[in-house]
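J.: I'll drop the sequence and a predicted model, then ask my questions.
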Amino acid sequence: MQTRAMSSEQTTKVKFFVISDTHALKPNPNTIFRSPFPTCDVLVHAGDLSSWGTLLEYEKTLTWMKAFRAELKIVIPGNHDITLDPPYYNKIEDDRVLIDAAHELWTSSAARDANIIFLKEATRTFTLSGGAQFKVHTSPYQPKFHNWAFNYAHSEDRYNPKPTSPTETAVPGVAPIPEGIDILITHGPPEGINDFAGRTTEDNAGCEWLLKALKRVRPRAHFFGHIHEGFGATRVRWGENGEMTKAQVEPPSMKELKKMEFRTRACASWKIDVSRDGDNPLGKKGEETLCVNASMLEDPEDPENIRCGGVLIDMELPVV
């Protein structure tokens, strides 16, 4: 990582490899999701490690993650990881042994030794060996979406402090996203940002309260998945009074990705460079946010239909 100055803030370029909704998918030499993986500093998995929350599925995902080379690997569960949501799973199956075993897999010393940090609702600060320091908030929750795990009622504002306006009727948040974070990682998308979930423009499944929190905290980046059809990236520029301007980032076509995979025989990832070395660097923290829906599969029931081999993101982060 190369350190450089941006305004009065010292920064360094950090490489993130972001994926979501792999549903127990394993790297396969016959697909674009294959090893060798790109070199990166931080691996992020934004949930749906499995399809049914079985130990076998988790072990498949954990095996390749352990072998993945990155200084830090941040992992959160998603709505399909039902055994990692004990309150939910206890309602459908009385199996405390399975719940404990699932949690142990992701929090074991073997996982930690492989640089895997498993988080649910949490705020953590990480410092990389190159000096980059960044504050992360994570959440596996999303508005009720069928009968899956980590759901909350659409009337619940999980992400913001108690409303101050008398016109707001939402249930107050139980885990407000704090100010000052650099990276937000959630399983679900915010309302209106890479959350298209159907064939008409009205079919958006993002959370209005998460969007409200995004406007409030304005992180450098927001990584998520959950809505497979919403795969893509959006740059959000923040104006005064919460106004925002959205600009879509066009992903490569499948033809381009297959050409890349054929040429390199490596994982064909979508590369987004918003560092100072890129053609269009990201604005300062609070001015612009890069939002990425990194859902890997077109359909969780069709593991061969891979949309992209991950999203590789270069961005600037502050140096301590």
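T.: Here it is on my side, so go on. Numbers count the residues shown, from 1 in each chain.
J.: tell me the helix or strand right after the worst-scoring helix or strand of the chain on mean pLDDT.
T.: Between all helices and strands in the chain, the lowest mean by mean pLDDT, DSSP states H and E belongs to strand 3-6, at a mean of 48. Next along the chain after strand 3-6, taking DSSP states H and E as the criterion, comes strand 9-19.
J.: for the next helix or strand along the chain from that following strand, packing partners?
T.: Next helix or strand after strand 9-19 toward the C-terminus (DSSP H and E): strand 42-45. When contacts are defined as 3 or more C-beta pairs under 8 Å, 6 or more residues apart in numbering; DSSP states H and E, strand 42-45 sits against strand 9-19, helix 55-67, strand 72-75. Bear in mind the C-beta positions are built from the backbone N, C-alpha and C, glycine included.
J.: name the residues that touch whichever helix or strand residue 314 is part of?
T.: Under the criterion of DSSP H and E, residue 314 resides in strand 311-318. Strand 311-318 is contacted from outside by 4, 6, 9-19, 38, 40, 132-134, 182, 220-221, 233, 269-278, 281-282, 290, 292, 294, using C-beta atoms under 8 Å, 6 or more residues apart in numbering.
J.: make it 6 Å
T.: Residues outside strand 311-318 that contact it (C-beta atoms under 6 Å, 6 or more residues apart in numbering) are 9, 11, 13-18, 38, 132, 134, 269-275, 292, 294.
J.: below-threshold pLDDT in the stretch 1-150 of the chain: ranges please.
T.: For the stretch 1-150 of the chain, the stretches with pLDDT under 70 are 1-8.
J.: for the spatially closest residue to residue 187 that is not a sequence neighbour, the count of nearby residues, please.
T.: The spatially closest residue to residue 187, leaving aside those adjacent along the chain, is residue 47, at 3.6 Å (C-beta to C-beta, 6 or more residues apart in numbering). Neighbourhood size, residue 47 [other C-beta atoms under 10 Å]: 32.
J.: tell me who's in contact with residue 47.
T.: Counted by C-beta under 6 Å, 6+ apart, residue 47 has contacts 20, 76-78, 140, 187, 225.
J.: and it, helix, strand or coil?
T.: coil (DSSP: H, G, I helix; E, B strand; the rest coil).
J.: tell me the spacing between residue 177 and residue 315.
T.: 19 Å (C-beta to C-beta, to the nearest Å).
J.: just the helices in the stretch 151-300 of the chain please.
T.: 208-217, 254-264 (DSSP state H, counting those that start in this stretch).
J.: what's the closest of those to residue 247?
T.: Judged by C-beta to C-beta, the one of those that comes nearest to residue 247 is helix 208-217, at 15.5 Å.
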